[in-house]
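Engineer: After the sequence you'll find the predicted model.
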Amino acid sequence: MLKLISALPSPYARKVRIALFEKGIPFTLITETPWESTTQTPRHNPLEKLPILLTEQGEALYESRFILEWLETYYPDPPLLAAEAAPRLRAKQVEVVADGICDALVLLFWESQRDPDKQSLPWMERQMRKVDGGVRALAGWVGETEFIVGDRFGLADIAAGTVCRYLDLRFPDYPWRATHPALAEFSNRMERRPSFRASLPMPQSFNEPVV
């Protein structure tokens, strides 16, 4: 059985969990805190980042985009990417923007954990501009149809849906729902799917100082 090493709040790991659920692939979930001394993350990923997918042969796969590509290659049914080039590339573009928003949000979260007198306001404003721009782009891709790309659920919906929920989890005061009501409705719709309900992100406590 596959094993997924994940952090509870991670939007990157949630993408993989949703894909596994959607494809009906059984897996064991292992929860880690990758910056603590007891973590097994460096044993499997030289970059010491999650998520990590361990195959039945013991191979370690890391970086959520690569893991999703691997799953699509070896577990193609049901497909999460279109066979045609244009919709396939659009879904990849949506994922790039969603991951970019997540990258900026994670950096903002860690900066907010520093002593207030050590925080860099210009640097935080720069990250927030990335969030604003990325959310606008996602909102522009969400139309009146149920899914972002084509007429079926896929990678673009997973990527956009996970970042929306991560915004609610880590930055509940950020008014994206009021500013982009169509994107908010899309998020609500995605969260009603069984794969989303089974992978709800949760805050994770720190037992050791983050350095």
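Structural biologist: Perfect, I can see it now.

Engineer: Who are the contact partners of residue 143?
Structural biologist: Residues near residue 143 by Cβ atoms under 8 Å, 6 or more residues apart in numbering: residue 182. Glycine gets a C-beta too; all of them are placed from N, C-alpha and C.

Engineer: For my notes, confirm it occurs in a helix.
Structural biologist: No - according to DSSP: H, G, I helix; E, B strand; the rest coil, residue 143 belongs to no helix; its state is coil.

Engineer: domains of the chain?
Structural biologist: 2-74, 85-193 (automatic domain parsing).

Engineer: pull the helix or strand with minimum mean pLDDT from the chain.
Structural biologist: None of the helices or strands of the chain scores lower by mean pLDDT, DSSP states H and E than helix 41-44, at a mean of 89.

Engineer: helices or strands next to the helix or strand just after that helix in the packing?
Structural biologist: Using DSSP states H and E, the helix or strand that follows helix 41-44 in sequence is strand 52-54. When contacts are defined as 3 or more Cβ pairs under 8 Å, 6 or more residues apart in numbering; DSSP states H and E, strand 52-54 packs onto strand 2-6, helix 41-44, strand 60-62.

Engineer: quick one: contacts of the last one?
Structural biologist: With contacts defined as Cβ under 8 Å, 6+ apart, strand 60-62 is touched by 44-45, 47, 49-55, 67, 70.

Engineer: Just after it, pick out the following helix or strand.
Structural biologist: Immediately after strand 60-62, counting by DSSP H and E, sits helix 64-74.

Engineer: circling back: dump the domains of the chain into CSV; add distance to residue 203 as well.
Structural biologist: Shown next, in CSV, are those (distance: least, Cβ to Cβ, whole Å):
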stretch, distance to residue 203
domain 2-74, 6
domain 85-193, 7
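
Engineer: Out of those domains, which gets nearest to residue 199?
Structural biologist: Residue 199 lies closest to domain 2-74 among these, at 4.1 Å (Cβ to Cβ).

Engineer: How far does the closest one sit from its chain's centre?
Structural biologist: 12 Å (Cα atoms, centre = their mean, to the nearest Å).

Engineer: next one: stretch 116-127
Structural biologist: With Cα atoms, centre = their mean as the basis, stretch 116-127 stands 24 Å off its chain's centre.

Engineer: in it, what's buried?
Structural biologist: Of the residues in stretch 116-127, those with enough neighbours to count as buried (16 or more other Cβ atoms under 10 Å) are residue 127.

Engineer: There's contact between residue 45 and residue 53 in this structure, I believe.
Structural biologist: No - Residue 45 lies out of contact with residue 53 (Cβ atoms under 8 Å); the separation is 10.3 Å.

Engineer: Between those two, which has more neighbouring residues?
Structural biologist: Just comparing residue 45 and residue 53: by other Cβ atoms under 10 Å the higher neighbour count belongs to residue 53, 25 against 18.

Engineer: Run through the residues that contact the more buried one.
Structural biologist: By Cβ under 8 Å, 6+ apart, the contact list for residue 53 reads 2-5, 16, 60-62, 67, 70.
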